[in-house]
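In: Quick one: sequence and predicted model below, then my questions.
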Amino acid sequence: MNTNNKAHRLLAATNLAVGYMVMVLALAVFGLSIAGAPGASAAPATSASQSNGDDVVAVSTVSTVPTTTGTPQTTRTPRPIKLRSWVQFGHARPGGTATYHKLLFNHLSESGEVNLTGASLRNWDVTVDPAVATTLPGYANVITVTVGVPLTPTHHVDIERVRGVLSSTEPYTTTAFLITVARRRPFADLPEGHWADDPIQYLMDQGVISGYADGSFHPNDNVTRAQFAKMLVGVMGWTLINPQSPTFSDVPKDYWAYGYIETAVAHGVIGGYSDGAFQPNTDVTRGQVAKIVFGSLNWQMNSPTLTNFSDVSPGDWTYTYAQAISSAEVMSGYADNSFRPNAPATRAQIAKILALAIFSDPNS
């Protein structure tokens, strides 16, 4: 998903409904550390015998290793201009302002003029300074973006888009996103400033996730495959599909996540195992999450930034997906340079991964 398409989808969402899930979100990575899952809370490692796959197509024998669709091209395609960070979180109280700074890079061999504009999903005030920037080869311009929060906002969170258009015989557009939190929903076990708090607040406002009746969020709880299907369908804004005949032997029509699982299957991004089961109550792993996110957003690997993870080799089924999601700055490795593809993913990690991924591009 390129940044131009993301911007188009954001504007479409604005014209639709205030509560519609913006499919533009190209945040990924959206200047905090947007390095994805690991951080204040690391996912536990699992044994090598744990299931590490999610078959999108059936294979002839019972297997837990996924079927991949081939090796994507990695020919590097330089982008003439680029806004970074392409996703940032910020805070401002109702009636206040949030200020962001972005860098506009020029990768051309000559100077260029870039027209800069801002837009808001909730129609909050957005000011971009300067409105026109002259960029020099190999240098970065500092772009200041100010977001004004209404006194009585209808939503706790707004999404802003910053767009730069290169004036040349072949115009080029670069897009970045801001997520401004005006009101925070408190949780007993999620302190303000937690590494996943901003993504959680964003997904809460979008109605994708929620807390528990006792006022807690359980950020360190593992996420099951059924729970992840529900979160994925919510963040993607897909219409629920409830077929008459179940796809999996262990997900009947009266199962609570039946519609979410079937919807993800219908979009071709998640599957079961060759024995006909889905294993809805099994914890989803980091490798599976990377693969499913890759498929959901139709990512391509044209010019990724490759990372040499100690536990993910080019021949592994997780290699392409780990490289893509790392290049997009949605997930990162651990201090020991491992990716831990077989480790279960927690609620906090999934929230951050999904919130960032919908704004991201592994080739940026």
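Out: Ah, there it is.
In: all contacts plus neighbour counts: C-alpha atoms, from now on.
Out: Fine.
In: Sketch out the helices for this protein, chain order is fine.
Out: All helices of the chain, identified by DSSP state H, fall at 3-16, 197-205, 225-236, 258-266, 286-296, 319-327, 347-357.
In: which of those helices is buried the deepest?
Out: Highest mean neighbour count among the helices of the chain (mean count of other Cα atoms under 10 Å): helix 347-357, with a mean of 27.
In: which residues touch the residue nearest to residue 235 when sequence neighbours are not counted?
Out: Distance criterion Cα to Cα, 6 or more residues apart in numbering; nearest residue to residue 235, sequence neighbours excluded, is residue 208 at 6.0 Å. Residues in contact with residue 208 (Cα atoms under 8 Å, 6 or more residues apart in numbering) are 231, 234-235.
In: would you turn the residues you listed into CSV with pLDDT and distance to residue 176?
Out: As requested, these are arranged in CSV below (pLDDT from 0 to 100; distance: Cα to Cα, whole Å):
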residue, pLDDT, distance to residue 176
231, 97, 24
234, 96, 22
235, 96, 19
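In: Residue 335: which of those is nearest?
Out: Using Cα to Cα, residue 231 is the member of the contacts of residue 208 that lies nearest residue 335, at 27.9 Å.
In: Just want to check the distance between the closest one and residue 299.
Out: Using Cα to Cα, to the nearest Å, we find residue 231 at a distance of 19 Å from residue 299.
In: from the contacts of residue 208, which is closest to residue 158?
Out: Nearest to residue 158 among those is residue 235, at 15.2 Å by Cα to Cα.
In: quick revisit: dump the helices of the chain to a markdown table, plus distance to residue 133.
Out: Listed next are the helices of the chain as a markdown table, based on distance: least, Cα to Cα, whole Å:
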| stretch | distance to residue 133 |
| --- | --- |
| helix 3-16 | 20 |
| helix 197-205 | 30 |
| helix 225-236 | 34 |
| helix 258-266 | 43 |
| helix 286-296 | 34 |
| helix 319-327 | 28 |
| helix 347-357 | 27 |
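In: For residue 246, which of those is the nearest?
Out: Residue 246 lies closest, by Cα to Cα, to one member of the helices of the chain: helix 258-266, at 7.8 Å.
In: does residue 101 really touch residue 145, like I thought?
Out: Yes - proximity of residue 101 to residue 145 meets the contact threshold set by Cα atoms under 8 Å, at 6.2 Å.
In: low-scoring pLDDT stretches of the stretch 251-364 of the chain, where are they?
Out: Along the stretch 251-364 of the chain, segments meeting pLDDT under 70 span 303-304, 364.
In: The closest residue in space to residue 129 that isn't next to it in sequence and residue 199, how far apart?
Out: Excluding the flanking residues, the one nearest residue 129 by Cα to Cα, 6+ apart is residue 144, at 5.2 Å. To residue 199, residue 144 is 22 Å away according to Cα to Cα.
In: And the strands in the stretch 101-250 of the chain?
Out: 112-120, 125-129, 132-135, 140-148, 157-167, 172-181 (DSSP state E, counting those that start in this stretch).
In: partners of the longest one, with directions?
Out: It refers to strand 157-167. With DSSP bridges as the test, strand 157-167 is paired with strand 112-120 (antiparallel), strand 172-181 (antiparallel).
In: Residue 89 is nearest to which of those?
Out: strand 172-181 (4.8 Å).
In: Compute the distance from the centre of that closest one to the centre of its chain.
Out: Chain-centre distance of strand 172-181: 14 Å, with Cα atoms, centre = their mean, to the nearest Å.
In: Quick one: mean pLDDT for it?
Out: Averaged over strand 172-181, pLDDT sits at 95.
In: what do you get for stretch 222-230?
Out: Across stretch 222-230, the average pLDDT comes to 98.
In: if we look at it, which residues are touching it?
Out: Residues from elsewhere that reach stretch 222-230 (Cα under 8 Å, 6+ apart): 257, 260-261, 264, 279-284, 344-347, 350.
In: Kindly recompute the last result at 7 Å.
Out: With contact meaning Cα atoms under 7 Å, 6 or more residues apart in numbering, stretch 222-230 is reached by 257, 260-261, 264, 280-284, 344-347.
In: tell me the contacts of residue 248?
Out: Per Cα under 7 Å, 6+ apart, neighbours of residue 248: 276-278.
In: how close does residue 79 sit to residue 363?
Out: From residue 79 across to residue 363, the span is 9 Å (Cα to Cα).
In: ok, the two, which is more surrounded?
Out: For residue 79 and residue 363, the more surrounded residue by other Cα atoms under 10 Å is residue 363, and the numbers stand at 21 against 16.
In: ok, that one touching residue 306?
Out: No - at 10.4 Å, residue 363 and residue 306 do not qualify as touching, with contact defined as Cα atoms under 7 Å.
In: Tell me which of the helices of the chain lies nearest to residue 134.
Out: Of all the helices of the chain, helix 3-16 sits nearest to residue 134, with 21.3 Å by Cα to Cα.
In: So residue 119 is in contact with residue 126, correct?
Out: Yes - counting by Cα under 7 Å, residue 119 does reach residue 126; the two are 6.2 Å apart.
In: Assess the claim that residue 251 and residue 258 are in contact.
Out: Yes - in this structure residue 251 lies within contact range of residue 258 using Cα under 7 Å: 6.3 Å.
In: What distance do you get for the residue nearest to residue 235 to residue 247?
Out: From residue 208 to residue 247 the distance is 24 Å (Cα to Cα).
In: again with residue 308
Out: 37 Å.
In: Which one's more surrounded, those two?
Out: Between residue 308 and residue 247, residue 247 has the larger neighbour count (other Cα under 10 Å), namely 20 against 14.
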